[in-house]
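Q: predicted model and sequence below, questions to follow.
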Amino acid sequence: MLHIVTKSHRQSTSLASCLRLAQDGHALLLIEDGVYAATAGGAASAGLAEALKRLKVYALKPDLEARGVAAALVDGVGAVDYAGFVDLVAEHANNQTWL
């Protein structure tokens, strides 16, 4: 399953809910303001560091760049472009967007 989170962990509880319910081996894609959780400053407070041990985590590169945080991406999070986003959706039979 691919989980897609669009909101910052500081704006919403969407990421926390997703991380609580996601199962080992699932994938997580952070887009829009959700990419803030993939930065060095946000990963610890968002609980992402722990999630990296059991989930494949990605962040949308254009959203990282638009917010000026691409250089702060934490180790273990893969940056994907729009084609990579499409590949992730196609690769996973089930997708859940957390609003």
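A: That came through, no problem. Because the structure is a prediction, the values reported are computed rather than measured.

Q: show me what contacts the residue nearest to Ala43 when sequence neighbours are not counted?
A: Take Ala43 and drop its neighbours on the chain: the residue closest to it by C-beta to C-beta, 6 or more residues apart in numbering is Val74, 4.6 Å away. In short, each C-beta sits where N, CA and C put it, glycine included. Val74 sits next to Ala38, Thr39, Ala40, Ala43, Leu48, Ala49, Leu52 when contact means C-beta atoms under 8 Å, 6 or more residues apart in numbering.

Q: now do Val74, the pLDDT please.
A: We have a pLDDT of 94 for Val74.

Q: same question, Leu99
A: For Leu99, the model assigns a pLDDT of 87.

Q: so it makes contact with Gln11?
A: No - contact status for Leu99 versus Gln11: not in contact, 11.1 Å apart, counting by C-beta atoms under 8 Å.

Q: in terms of neighbours, single out the busier of these two.
A: Gln11 (12 against 8; other C-beta atoms under 10 Å).

Q: would you say that one is within a strand?
A: No - under DSSP: H, G, I helix; E, B strand; the rest coil, Gln11 sits outside any strand and is assigned coil.

Q: that one contacts Gly34, doesn't it?
A: No - using C-beta under 8 Å, Gln11 makes no contact with Gly34, being 9.3 Å away.

Q: ok, longest helix in this protein?
A: Secondary structure of the chain per DSSP state H: the longest helix is helix 82-91.

Q: list the buried residues of whatever helix or strand comes next after that one.
A: For helix 82-91, the following helix or strand on the C-terminal side (DSSP states H and E) is strand 95-98. Applying a neighbour-count criterion of 16 or more other C-beta atoms under 10 Å, the buried positions in strand 95-98 are Trp98.
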